[in-house]
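A.B. asks: Any chance you can model this:
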Amino acid sequence: MLPEEYEIISQYTEVLLGDSRSPAYPFAGFVVNFNVSTKVHRDWTDLKFCVVLVISEDCEGGDLCFMEPGIRLELQNGDMVAFPSHSISHFNMDYIGKRASIVFHSDREGQKWAKNRNGWDHTAYMNTTKNGGLARQKKA
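C.D. replies: Numbers count the residues shown, from 1 in each chain. You can find the predicted model right below:
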């Protein structure tokens, strides 16, 4: 992962309310796929790229395919791959056995929150700490 991309995808997770941290840090979220094969698609709202971690047990097939570059990856248990999921059409093939994957991603809409808290940054509701979390209001 390049430092610039890391900074971009982690911006949203750096300013979550209550000084929260994403369990998928630096990504905003993750999806767990159990025994899934997908149709060709693009993740239009993903920011920059996603990372796929393959988890399989006695599995044959399930290769991850990228349409435009014509690449087919035979990923095995524990393999990870990062790619720009918003700009490359991709899918995974049918398989035999047990297969799962964890997909780490950030949504590009998170940039609006990181920039100005979706227009709420000037309000008392967004009185934030240095890490961006909601500050506790002192009682008078």
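
A.B. asks: which residues sit in contact with the spatially closest residue to residue 12 that is not a sequence neighbour?
C.D. replies: Spatially, and ignoring its direct neighbours in sequence, residue 12 is nearest to residue 110 (3.2 Å; CB to CB, 6 or more residues apart in numbering). (C-beta placed from N, C-alpha, C; glycine too.) By CB atoms under 8 Å, 6 or more residues apart in numbering, the contact list for residue 110 reads 11-13, 28, 47.

A.B. asks: where does stretch 45-55 sit relative to the chain's centre, distance-wise?
C.D. replies: 5 Å (CA atoms, centre = their mean, to the nearest Å).

A.B. asks: So, low pLDDT: which residues of this structure?
C.D. replies: 1-2, 122-140 (pLDDT under 70).

A.B. asks: Enumerate the helices of it by residue range, in sequence order.
C.D. replies: Using DSSP state H, the helices of the chain run over 3-10, 110-116.

A.B. asks: can you put those in TSV and add distance to residue 38?
C.D. replies: As requested, the helices of the chain are arranged in TSV below (distance: least, CB to CB, whole Å):
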stretch	distance to residue 38
helix 3-10	22
helix 110-116	23
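
A.B. asks: do you know which of those lies nearest residue 37?
C.D. replies: Smallest distance to residue 37 across the helices of the chain (CB to CB): 26.8 Å, for helix 3-10.

A.B. asks: Can you give the contact residues for the closest one?
C.D. replies: 25-28, 47-49, 106.

A.B. asks: Check these against residue 88 and report the nearest one.
C.D. replies: Closest approach to residue 88 among the contacts of helix 3-10 (CB to CB): residue 49, at 9.5 Å.

A.B. asks: Show me the domain layout of the chain.
C.D. replies: 1-23+107-140, 29-105 (automatic domain parsing).

A.B. asks: winner for burial among these?
C.D. replies: domain 29-105 (a mean of 15; mean count of other CB atoms under 10 Å).

A.B. asks: What separates the first and last residues of that domain, distance-wise?
C.D. replies: Distance between the two ends of domain 29-105: 6 Å, counting by CA to CA, to the nearest Å.
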